[in-house]
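>>> Make a model of this:
(one chain, ligands or ions: 1)
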Amino acid sequence: MGNTCLVSSCEFHGTSEELEDHTDNCHYEALKDYLQLTDARIGNLQTQLQEKDERLSFLTNMLGKLSERVEALEKTMDDKFGKDVVLGD
Ligand SMILES: [Zn+2]
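Residues are numbered from 1 along each chain as shown. The predicted model follows:
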């Protein structure tokens, strides 16, 4: 048992004397604002990343359907006009 440093992320614990000593030198105390800001930034990035993941899989899905349709269309064109017809050239 002992006292635990109150600064989040800091895992220091010891006797109340040790804690008093520690509080003056707590590296996390000095970094507290920076760590909070960094946490918020990472949270934002995770949200953005997830949105991009969702958009990416939506686009990938749509691209798959589109290429199926293009292939079917090409086959129809081949059947109608023969194999020499090239789309886009
Ligand atoms: Zn601490």
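>>> ok, which residues in this protein are in contact with the ion?
5, 7, 10, 12, 26, 28 (C-beta under 5 Å from the ion). (Each C-beta comes from the backbone N, C-alpha and C, glycine too.)
>>> what's the offset of the host helix or strand of residue 65 from the middle of its chain?
Using DSSP states H and E, residue 65 maps to helix 27-81. Here helix 27-81 is found 10 Å from its chain centre; the criterion is C-alpha atoms, centre = their mean, to the nearest Å.
>>> and it, average pLDDT?
For helix 27-81, the mean per-residue pLDDT is 94.
>>> Any idea how many residues pack against residue 13?
Other residues near residue 13 come to 13 when the count uses other C-beta atoms under 10 Å.
>>> What are the buried residues along stretch 70-79?
Buried positions in stretch 70-79, judged by neighbour count with 16 or more other C-beta atoms under 10 Å: none.
>>> Output that stretch in CSV with nothing but the alpha carbons.
Only the C-alpha atoms of stretch 70-79 are listed here, as CSV (Å, rounded to 0.1, in the frame of the first residue of the first chain):
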residue,chain,number,x,y,z
VAL,A,70,-17.7,-2.5,-67.4
GLU,A,71,-16.7,-6.1,-68.0
ALA,A,72,-20.3,-7.0,-68.8
LEU,A,73,-20.6,-4.0,-71.1
GLU,A,74,-17.4,-4.9,-72.9
LYS,A,75,-18.7,-8.4,-73.4
THR,A,76,-21.9,-7.0,-74.8
MET,A,77,-19.9,-4.7,-77.2
ASP,A,78,-17.7,-7.7,-78.2
ASP,A,79,-20.8,-9.8,-79.0
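>>> residues near residue 22, how many?
Residue 22, neighbours per other C-beta under 10 Å, totals 19.
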